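K.L.:
sequence plus the predicted model coming up.
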Amino acid sequence: MTDPGRLAQLDGLRAIAALSVVGFHVTSRYDEALVHAQPLPFALPWGHLGVELFFVISGFVILMTIDRARSPADFVFARASRLFPTYWVAVLLTALTLRAVQMPGYERSAIDIVVNLTMVQDHFGVASIDGAYWSLGVELMFYAWMLLLWQIGALRRPALAIAAVCAISLASNLSEHAGLRWPTALETLAMTQWGPWFALGTALYAHHARGLSGRATLGLAALAIAAITTNGPVSGAATAAIVGGLVHGAARGRLPWLAVRPLVAIGRVSYPLYLVHQALGWWVIVSLQKAGMSSLGSVAVALALALVAAFALNRIVEEPAMAALRAFWRQRAAVRPAGGTGRRWTVGSAAVLVALSGGMTVVTALKPAAPKPHEAIRAVDPSRHTSVPCDDGVPARVILVLGQSNAASHAAPIPPPAVGGPALRVFAEGGCVIASDPLPGTTGGGSSLWSAVQELTSAADPQARLVWAPLAVGATGIARWIGPDPVHDRLVAHLHGLREAGLKVERVVWQQGESDARDGTGAREYLRALHALRGLLDRHGVTAPMHVARSTFCRRAGTGAIGRALTRYEEALAAARILPGPDTDLLLAPDDRRDACHFTDAGRRRAAQLWYDVLAAPAQAPSPRPR
């Protein structure tokens, strides 16, 4: 049932690990990032533990690889020929496909793609083409450590090295519990988070193949589990014990159910399956659900296509490349002497470890500062804006406007003379002024939605008094509003000014989402940020209902994740006084948008009508949706 030298039951475990991770990514993780069109009847929130299972198996297998290697060069070449050819094809396939279909959040430059080919991009501050690739950099760090330990002779009796790895992790975790956090580069170098998982697998191999006593193995396993537990939830102990037991049982051949042909077959393609399932799978699911397929059906199709792609990559790339490269290496080995140790390999592996651990720290320090669009916020201009009392004895409705460009003054340009429509009473910089578009407190030099809403309000009720309190900054994601960021600081100052002026906000308008849709912000992440913004308003005395527009379209539709999240969790949001605003994403007619993003004058007036309808109606929670 298995090829010579392969442990079929370990292949079965690899299959379980891969299928667990895949199941987690296309159910729970997808729902966190993109939100399924309809809730799935099941989810695999624990499926991420498949990565930990992979790490334990890797710890077991790497010591086996070292035992079979004639020299350090043999070890390095064996790992490289196993990992890189398939990885390179998967990176290029994923990057080019997602670039062609313009999947939001997956735009990568040519330089990003090239850096991704190294497999250590995360250590140098470059985003992975596929989020699942993070674990590969961890694997390479582990390989570098094993090479170094081998060269200095620490693996001849591995128990001490295994104990040291776990003890270092345990010391780091206990220090953090005591409030003493190790530097990030040192934690990365010492593998304080993931090292014990690999160590557990290495201890099991030493027991299985090198005669390490059962008592010593249990002691090392207990030390690894202690390190794992102090690094996370207490449930980590049970997870580590179960995973360790599975690997031990498979290595002993005591789990024959793992050697069934389907599991073994999937186990042998688990690496390409891991490489291609997430980002490409998400694109498949998004596309099928947009086309009307059910969530369950789209997930089933994505799983099937991922398996087909994995088997194809294994047959076309993985096995032929490994066979050709290893044949080449054997030919070279026939004409060169076997080498065991070498100072250059020791120095080289140590240099790799230092580079991987320190790279991210250095790159982050040298990374240029992000642009600051808040600096372009229009200030009060005494030559254009007339100061007036905010409260002149006539009751006024105060509308706090927050968001990005479509909440600011980026709509249709104002024709000469440079006076944009009706005069509004605007709160800005701690006081009130009479102003017209472009409004103070906003970026952009065009017109705004709010002057059109003012016209509608005045037409319906000439006696109505509105005070607009805009703070709208183009190209800002929601994270910048909740801080730490200069935009957040500007918001806090704006809220403080409202309170000092004695103005009580009646409604909060939130017209934002285009930047987050473009950048691929996760749906749950966006919802958490909305709740954080709501909390920020409350802390500064603004308890008025916050109306959230569905405003995510800018030159392309994106995935629709934020919009689906706002709909799915409408009732939960309403409980926090976060209410639906208008769906301005519906305004996509040719005369609605002047640059496929910002409103024309006609689109601005249509959007203003939608906002007027919301603001003119009593603020109330939406009725429960039928289930």
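P.N.:
Cool, got the structure. Please read all numbers here as calculations on a predicted model, not as lab measurements.

K.L.:
drop to CA atoms for contacts and neighbour counts, all remaining ones
P.N.:
Fine.

K.L.:
got the confidence number for Arg344?
P.N.:
For Arg344, the pLDDT comes out at 69.

K.L.:
which parts of the stretch 351-500 of the chain are helices?
P.N.:
With DSSP state H, counting those that start in this stretch as the criterion, the stretch 351-500 of the chain has helices at 449-460, 479-482, 486-500.

K.L.:
could those helices go into a markdown table alongside distance to Arg268?
P.N.:
Conversion of the helices of the stretch 351-500 of the chain to a markdown table gives the following (distance: least, CA to CA, whole Å):
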| stretch | distance to Arg268 |
| --- | --- |
| helix 449-460 | 58 |
| helix 479-482 | 42 |
| helix 486-500 | 50 |
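
K.L.:
nearest to Arg261, of these?
P.N.:
Put simply, out of these the one that sits nearest Arg261 is helix 479-482, at 48.2 Å, with distance taken as CA to CA.

K.L.:
distance from the chain centre to the helix or strand where Ala227 lies, please.
P.N.:
The secondary structure element spanning Ala227 is helix 214-230 (assigned by DSSP states H and E). Relative to its parent chain, helix 214-230 has a centroid offset of 32 Å by CA atoms, centre = their mean, to the nearest Å.

K.L.:
tell me the helix or strand right after it.
P.N.:
The C-terminal neighbour of helix 214-230 among helices and strands, as given by DSSP H and E, is helix 235-251.

K.L.:
that following helix to helix 214-230, inter-axis angle?
P.N.:
140 degrees (axes from the mean of the first three to the mean of the last three CA atoms, to 10 degrees).

K.L.:
and the helices in the stretch 501-627 of the chain?
P.N.:
Residue ranges of the helices in the stretch 501-627 of the chain, as given by DSSP H, counting those that start in this stretch, are 514-519, 523-539, 561-568, 570-575, 601-616.

K.L.:
quick one: distance of the first one to the chain centre.
P.N.:
It stands for helix 514-519. Using CA atoms, centre = their mean, the offset of helix 514-519 from its chain centre is 13 Å.

K.L.:
what's the angle between the longest strand seen in the chain and helix 486-500?
P.N.:
Determined from DSSP state E, the single longest strand within the chain is strand 420-428. If you take the same axes, to 10 degrees, strand 420-428 sits at 80 degrees to helix 486-500.

K.L.:
put the alpha carbons of stretch 391-403 into CSV.
P.N.:
As requested, the backbone C-alpha atoms of stretch 391-403 are provided in CSV (Å, rounded to 0.1, in the frame of the first residue of the first chain):
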residue,chain,number,x,y,z
ASP,A,391,-26.5,78.2,19.2
ASP,A,392,-28.4,81.3,18.5
GLY,A,393,-31.5,80.2,20.5
VAL,A,394,-33.1,78.4,17.6
PRO,A,395,-33.1,74.6,17.9
ALA,A,396,-30.9,72.9,15.4
ARG,A,397,-30.3,69.3,14.3
VAL,A,398,-26.5,68.5,14.5
ILE,A,399,-25.4,66.0,11.9
LEU,A,400,-21.9,64.6,12.4
VAL,A,401,-20.5,63.4,9.0
LEU,A,402,-17.5,61.0,9.0
GLY,A,403,-16.0,59.0,6.2
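
K.L.:
buried sites along that stretch?
P.N.:
Ala396, Val398, Ile399, Leu400, Val401, Leu402, Gly403 (16 or more other CA atoms under 10 Å).

K.L.:
any idea how far Asn314 is from Ala237?
P.N.:
Remark: distance between Asn314 and Ala237 (CA to CA, to the nearest Å) = 35 Å.

K.L.:
elements contacting the longest strand of the chain?
P.N.:
The criterion is 3 or more CA pairs under 8 Å, 6 or more residues apart in numbering; DSSP states H and E, and the helices and strands that strand 420-428 contacts are strand 431-437, helix 449-460, strand 466-472.

K.L.:
for Ala532, find the nearest of those.
P.N.:
Evaluated over the helices and strands packed on strand 420-428, closeness to Ala532 peaks at strand 466-472, with 17.5 Å, by CA to CA.

K.L.:
residue contacts, His540?
P.N.:
His540 is in contact with Val492, Leu495, His496, Arg499, counting by CA atoms under 8 Å, 6 or more residues apart in numbering.

K.L.:
apply 7 Å and report the result again.
P.N.:
Contacts of His540 were listed using CA atoms under 7 Å, 6 or more residues apart in numbering, and they are Leu495, His496.

K.L.:
so where's the stretch 501-627 of the chain shaky on pLDDT?
P.N.:
Residues of the stretch 501-627 of the chain that meet the criterion pLDDT under 70 lie in 621-627.

K.L.:
other SSEs contacting the longest helix along the chain?
P.N.:
Of all segments of type helix in the chain, defined using DSSP state H, the longest is helix 72-101. Helices and strands in packing contact with helix 72-101 are listed as helix 270-276, helix 319-334; criterion 3 or more CA pairs under 7 Å, 6 or more residues apart in numbering; DSSP states H and E.

K.L.:
now do that helix, average pLDDT.
P.N.:
Confidence for helix 72-101, expressed as mean pLDDT, is 94.

K.L.:
what angle separates it from helix 319-334?
P.N.:
150 degrees.

K.L.:
pull out the buried residues from helix 72-101.
P.N.:
For helix 72-101, burial by neighbour count (16+ other CA under 10 Å) applies to 72-79, 81-92, 94-96, 98.

K.L.:
now the helix or strand just after it: average pLDDT?
P.N.:
Read in the C-terminal direction, the helix or strand following helix 72-101 is helix 110-116, with elements assigned using DSSP H and E. For helix 110-116, the mean per-residue pLDDT is 94.

K.L.:
for the remainder of this discussion, apply numbering that starts at 20.
P.N.:
Taking 20 as the first residue, the last one we looked at is helix 129-135.

K.L.:
show me how far the very next helix or strand once past helix 129-135 is from its chain's centre.
P.N.:
Following the chain from helix 129-135 toward its C-terminal end, the next helix or strand by DSSP H and E is helix 153-170. When distances are taken as CA atoms, centre = their mean, helix 153-170 is centred 25 Å away from the chain's centroid.

K.L.:
which residues are contacting helix 153-170?
P.N.:
Contacts made with helix 153-170 from outside it, assessed by CA under 7 Å, 6+ apart, are listed as Met138, Val139, Asp141, Leu174, Thr360, Thr365, Ser368, Ala369, Val371, Leu372.

K.L.:
and what of stretch 444-464?
P.N.:
Under the criterion CA under 7 Å, 6+ apart, residues 395-399, 404-409, 427-429, 438-443, 465-467, 485-493, 516-517, 520 lie in contact with stretch 444-464.

K.L.:
what comes up buried for it?
P.N.:
Within stretch 444-464, the residues that qualify as buried are 444-448, 450-464, counting by 16+ other CA under 10 Å.

K.L.:
nearest residue to Ala442 other than its sequence neighbours?
P.N.:
In space, and not counting its chain neighbours, Ala442 is closest to Ser455: 4.8 Å by CA to CA, 6 or more residues apart in numbering.

K.L.:
same question, Leu111
P.N.:
Leaving aside its sequence neighbours, Leu111 sits nearest to Ile132 (CA to CA, 6+ apart; 7.6 Å).

K.L.:
burial check on the one you found, number of neighbours?
P.N.:
20 (other CA atoms under 10 Å).

K.L.:
contact partners for Ser424?
P.N.:
Contact criterion CA under 7 Å, 6+ apart gives Ala491, Val492, Gly493, Ala494 as the residues in contact with Ser424.

K.L.:
again, only this time at 8 Å
P.N.:
Contacts of Ser424 were listed using CA under 8 Å, 6+ apart, and they are Thr462, Gly463, Ala491, Val492, Gly493, Ala494, Gln531, His617.
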